[in-house]
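A.B. asks: I would like to see how this sequence folds:
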Amino acid sequence: MRITWYGRTCFRLGGRGLDNVVTDPYPPDFGLTYTRTRAQIVTASRNIPECTYTSGVRGPSKLLNGPGDYEIGGVFISGNAIYPKKKTANGLVTIFTFYYDGLTICHLGMLDRVPNQSEVESIEAVDILLVPVGGGDTLTPAKASEVISLFEPRLVIPMYYKIPDLEEKVGKLDRFLKEMGLASVEEEEELRISQSSLSEETEIVILEPQVKKAE
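C.D. replies: Model (predicted):
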């Protein structure tokens, strides 16, 4: 399967012969734009404009913005509700888990607290964890590290941290890497991975955001 990152909590997931997914598409208000990518499925971890900018996705696509179990275009998707630490009128956070070609990918979205044991157990064993690490409205580096230890994924892709031209107050990636005991990790433009290529130990992969400065 292929995983591409567009900054913040926005990814594109795709597999051969399966529908594409875009997670948490955001508007250009944050100073960045990404090539209008085609997807048949859009998921929103928070039902807010920052995560539901479907105009940035070429369709037609179906928007999933709440908990439930779905099967669309050969992709199995499970959404689990978690109430955020910061109570707002926008309500819950939906953690989406995707099943692609024998891989389980969990997108924590705009999660801002460490899930309890019951919440973690409600989600199946995770191969790839997409985790926010920049603080702000999401997990701090320390809490992100704690969440990773709870899920014990085989591969971690950090998201929601400071990148060039992003107009948002979030922390830098190096704070998270330091928390994880790493000096640096080489960036990749896109991740292509299969079940057989996963390591037995937890690895961290840094994706280069496929974005440009908004006009």
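A.B. asks: C-alpha from now on. contacts and neighbour counts both.
C.D. replies: Fine.
A.B. asks: by mean pLDDT, which helix or strand of this structure comes out lowest?
C.D. replies: The weakest-scoring helix or strand in the chain, judged by mean pLDDT, DSSP states H and E, is strand 37-38 (a mean of 90).
A.B. asks: can I get stretch 171-183 in CSV? Just the C-alpha atoms.
C.D. replies: The C-alpha coordinates for stretch 171-183 follow below in CSV (Å, rounded to 0.1, in the frame of the first residue of the first chain):
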residue,chain,number,x,y,z
GLY,A,171,5.8,22.1,18.2
LYS,A,172,8.7,20.9,16.1
LEU,A,173,9.4,17.3,15.2
ASP,A,174,12.8,17.2,16.9
ARG,A,175,11.1,17.4,20.3
PHE,A,176,9.3,14.2,19.6
LEU,A,177,12.4,12.5,18.2
LYS,A,178,14.3,13.4,21.3
GLU,A,179,11.4,12.0,23.4
MET,A,180,11.8,8.8,21.5
GLY,A,181,15.6,8.7,21.9
LEU,A,182,16.4,9.5,18.3
ALA,A,183,18.7,12.2,16.9
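A.B. asks: please begin residue numbering at 278 from this point
C.D. replies: Done: numbering now begins at 278, and the last item shifts to stretch 448-460.
A.B. asks: check which element follows the least confident helix or strand of the chain along the chain.
C.D. replies: The C-terminal neighbour of strand 314-315 among helices and strands, as given by DSSP states H and E, is strand 318-320.
A.B. asks: where is the longest helix in the chain?
C.D. replies: helix 418-428 (DSSP state H).
A.B. asks: contact partners of the following helix or strand past that one?
C.D. replies: Next along the chain after helix 418-428, taking DSSP H and E as the criterion, comes strand 432-436. By C-alpha atoms under 8 Å, 6 or more residues apart in numbering, the residues outside strand 432-436 that reach it are 284-286, 404-411, 425, 475-476, 479-484.
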